[in-house]
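Participant: This is a predicted model, with the sequence first.
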Number of protein chains: 2
Amino acid sequence: MPRERAARKGTASTMQRRAPRARAAAPARDAEASRARILEAATAEFAAHGLAGARVDRIAVAARANKRMLYYYFGNKDALFAAVMAQAYSDIRAAEQALELHRHEPVEGVRRLVAFTWKYFVTHPEFVTLLNSENLHRARHVKGIANIAAIQSPLIATLADVLARGEREHLFRAGVDPVQLYISIAGICYFYFSNRHTLSTIFARDLMSPRAQAARIAHMTDVILGYLLLPHAPLHRSP
Amino acid sequence: MPRERAARKGTASTMQRRAPRARAAAPARDAEASRARILEAATAEFAAHGLAGARVDRIAVAARANKRMLYYYFGNKDALFAAVMAQAYSDIRAAEQALELHRHEPVEGVRRLVAFTWKYFVTHPEFVTLLNSENLHRARHVKGIANIAAIQSPLIATLADVLARGEREHLFRAGVDPVQLYISIAGICYFYFSNRHTLSTIFARDLMSPRAQAARIAHMTDVILGYLLLPHAPLHRSP
DNA sequence: CGTGCAGTTAACCAAAGAGTTAACAGGAGC
DNA sequence: GCTCCTGTTAACTCTTTGGTTAACTGCACG
């Protein structure tokens, strides 16, 4: 099946655009806004139904755009999904950057990372299901995103710094791989959250009540700090 | 859409069946075998493509059965998926039961649980993707399985016993919730494994090489035991 | 040895789905 | 005020898909 023409790729956001008509009046035709609405609607649709379960027509309706526009801007369903993934990664990277772990004491830094990770999943449930979908497809789309490998590096570097400081201050054990630790922190948050529906059913208890969430955060912090803190370090218990 | 007739539910395995014709000769028509082949094919198909991405025709071909048979035995695609989930849970429960944690010292018991959980995911990757699919659908199918809540209890009870023994022997910290711990152990295994494709891409390193797997198991064990073991307990390091 | 049901088959169907066609309009540049 | 490109629209197509119809057969049982 021949593609009619190459879809415009993400560069839209880089081009200058002088405001049309009176400033801030709703423009009759606004490419940027249309594209953004489609991407937003697609994110919700793919997150809710997965790649195969998502419906192009539903996305168009939700975006208040003609179906044709999805193809005009993104090429096809698969490419649209790839754009959604790219945006999702870009979003979480931005949020991580705002964490500024280097500004905190090692113990507090780790605490904040655990709390942040949990909060991010809870406030961005779409990220979790999108990630699951992308892995069902063996990261096919993410592999096509150019600088994806560089994306996670900043946080890992910052975490490495936190670990190094903790080690230097004789608080943390030595030789911890920041990537392993990052994955473990993400994992204890992710599994509980992503599988909350089956887990709640199997354990017959509401895992997402405020109390349950607080207990989970406390437990996760205990696990990670229990692992990191040296036996003779001060503050071996959370306050 | 009216359902033509109620689909036979799982009770097939409970009914006695005298061997037809000469023993062990391939029977021309074998309901049990047909049903089993369909379930097996459906498991693979749903695991590979998710609920929406799975194709009923592909399942039929893979099961060497007429498509009609899926509807004859299971009713519809959704019910077939539910049957697959029920089987998947039943399988992992059986494997957990074979663990016999109560036979081991507390520290060794925890080690085995971590190693087992990892190994189970690696050898049953379909379980992981099925679980993701089921949660995408908010555990809709699992909620319909009668005794699903009871299913996980035995392992939790055994883990609680391991923790109690460890506590009594002044090895483990007190007050650990076995459900929280179980979820954490599963989580550190699950996230790494389930998201291995995106993680490998983002970190630009093969997370599934034998060396990487060994490193992961060592790290996970360190995390869990690092959390559980009391500061003055013997064997504070893995051998 | 024939009868009736569980099990099986091929062919069929209507709906839904991704993607396309072709025509049309806003508005910046001239 | 004409031109032309970008953005937008409605209607259409062709394939795939879950599910069904109806006929047929092996075989256990009487």
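Facilitator: Great, that's in hand. On a predicted model such as this, the values are computed, not experimentally measured, just so you know.
Participant: Stretch A:40-48: which residues count as buried?
Facilitator: Buried residues in stretch A:40-48, counted by 16 or more other C-beta atoms under 10 Å in any protein chain shown: A:41, A:42, A:43, A:44, A:45, A:46, A:47. (Glycine included, C-beta is placed from N, CA and C.)
Participant: can you tell if that stretch touches DNA strand D?
Facilitator: No. In terms of C-beta under 7 Å from any atom of the strand, no part of stretch A:40-48 sits within range of DNA strand D; the closest distance is 13.0 Å.
Participant: Could you see whether DNA strand C lies near that stretch?
Facilitator: No. Using C-beta under 7 Å from any atom of the strand, we find that stretch A:40-48 stays clear of DNA strand C, coming within 9.2 Å at best.
Participant: Residues in contact with that stretch: which ones?
Facilitator: The contact list for stretch A:40-48, computed with C-beta atoms under 8 Å, 6 or more residues apart in numbering or on different chains, reads A:54-55, A:58-60, A:62-63, A:65, A:70, A:80-81, A:83-84, A:87-88, A:125-127, A:129-130, A:133.
Participant: buried subset of these?
Facilitator: By 16+ other C-beta under 10 Å, the contacts of stretch A:40-48 give A:54, A:58-60, A:62-63, A:65, A:70, A:80-81, A:83-84, A:87-88, A:126-127, A:129-130, A:133 as buried.
Participant: Cross-check those residues against DNA strand C and keep the overlap.
Facilitator: residue A:54.
Participant: mind listing which of the buried ones among the contacts of stretch A:40-48 are in helices?
Facilitator: A:58-60, A:62, A:70, A:80-81, A:83-84, A:87-88, A:126-127, A:129-130, A:133 (DSSP state H).
Participant: what's the closest of these to residue B:219?
Facilitator: When those are ranked by distance to residue B:219 (C-beta to C-beta), residue A:127 comes first, at 24.3 Å.
Participant: Show the model's pLDDT score for the closest one.
Facilitator: The model reports residue A:127 with a pLDDT of 98.
Participant: mind checking how far the residue nearest in space to the middle of chain A is from residue A:203?
Facilitator: Centroid-nearest residue in chain A, with C-alpha atoms, centre = their mean: residue A:92, separated by 4.1 Å. Going from residue A:92 to residue A:203 by C-beta to C-beta, to the nearest Å gives 28 Å.
Participant: again with residue A:166
Facilitator: Taken as C-beta to C-beta, the span from residue A:166 to residue A:203 is 34 Å.
Participant: what do you get for residue A:113?
Facilitator: According to C-beta to C-beta, residue A:113 stands 27 Å off from residue A:203.
Participant: helices or strands up against the helix or strand bottoming out on mean pLDDT in chain A?
Facilitator: Every helix and strand of chain A was ranked by mean pLDDT, DSSP states H and E. The lowest is helix A:148-151, at a mean of 74. Applying 3 or more C-beta pairs under 8 Å, 6 or more residues apart in numbering or on different chains; DSSP states H and E, one finds that helix A:148-151 makes contact with helix A:77-97, helix B:196-202.
Participant: What is the subsequent helix or strand relative to that helix?
Facilitator: Using DSSP states H and E, the next helix or strand after helix A:148-151 towards the C-terminus is helix A:153-168.
Participant: returning to what we had before: more crowded one of residue A:113 and residue A:203?
Facilitator: Neighbours per residue (other C-beta atoms under 10 Å in any protein chain shown) separate residue A:113 from residue A:203, with residue A:113 holding more: 24 against 16.
Participant: got a list of what that one touches?
Facilitator: Taking C-beta under 8 Å, 6+ apart as the test, what residue A:113 contacts is A:99, A:101, A:159, A:162, A:185.
Participant: Name the nearest residue to the third one, ignoring sequence neighbours.
Facilitator: In this case it means residue A:159. Closest residue to residue A:159 apart from its sequence neighbours, by C-beta to C-beta, 6 or more residues apart in numbering or on different chains: residue A:178 at 4.5 Å.
Participant: if I look at the one you found, how far off is chain B?
Facilitator: 11 Å (C-beta to the nearest C-beta, to the nearest Å).
Participant: Test my guess that that residue contacts residue A:160.
Facilitator: Yes. Applying C-beta atoms under 8 Å, one finds residue A:178 in contact with residue A:160, separated by 4.2 Å.
Participant: what pLDDT does whichever residue of chain A sits closest to DNA strand D get?
Facilitator: Nearest residue of chain A to DNA strand D (C-beta to the nearest atom of the strand) works out as residue A:31 at 2.9 Å. Looking at residue A:31, its pLDDT reads 82.
Participant: can you check residue A:189 too?
Facilitator: At residue A:189, the model reports a pLDDT of 98.
Participant: Break chain A into its domains for me.
Facilitator: Annotated domains of chain A cover A:30-75, A:85-239 [automatic domain parsing].
Participant: For the closest residue to residue A:90 other than its chain neighbours, grab the count of nearby residues.
Facilitator: With C-beta to C-beta, 6+ apart as the criterion, residue A:90 has its nearest non-adjacent residue at 7.7 Å, and that residue is residue A:151. By other C-beta under 10 Å, 18 other residues sit near residue A:151.
Participant: Also residue A:101?
Facilitator: Residue A:101 has 19 nearby residues by other C-beta under 10 Å.
Participant: wait, what's in contact with residue A:161?
Facilitator: When contacts are counted by C-beta under 8 Å, 6+ apart, residue A:161 touches A:101, A:102.
Participant: hmm, back to that, restricting to the contacts of stretch A:40-48, which residues neighbour DNA strand D?
Facilitator: For DNA strand D, the contacts drawn from those by C-beta under 7 Å from any atom of the strand are residue A:65.
Participant: sorry, back to before: quick one: the residue nearest to the centre of chain A and residue A:130 touch, right?
Facilitator: No. Applying C-beta under 8 Å as the test, residue A:92 and residue A:130 come out as separate, 10.4 Å apart.
Participant: Let me know the distance separating residue A:87 from residue A:132.
Facilitator: For residue A:87, the distance to residue A:132 - C-beta to C-beta - is 17 Å.
Participant: Regarding the residue nearest to residue A:121 when sequence neighbours are not counted, what is its secondary structure?
Facilitator: Leaving out its chain neighbours, the residue that sits closest to residue A:121 by C-beta to C-beta, 6+ apart is residue A:193, at 4.6 Å. Three-state call for residue A:193 (DSSP: H, G, I helix; E, B strand; the rest coil): helix.
Participant: what angle separates the helix or strand hosting residue A:120 from helix A:153-168?
Facilitator: Using DSSP H and E, residue A:120 sits within helix A:106-123. Counting by axes from the mean of the first three to the mean of the last three C-alpha atoms, to 10 degrees, helix A:106-123 points 150 degrees away from the direction of helix A:153-168.
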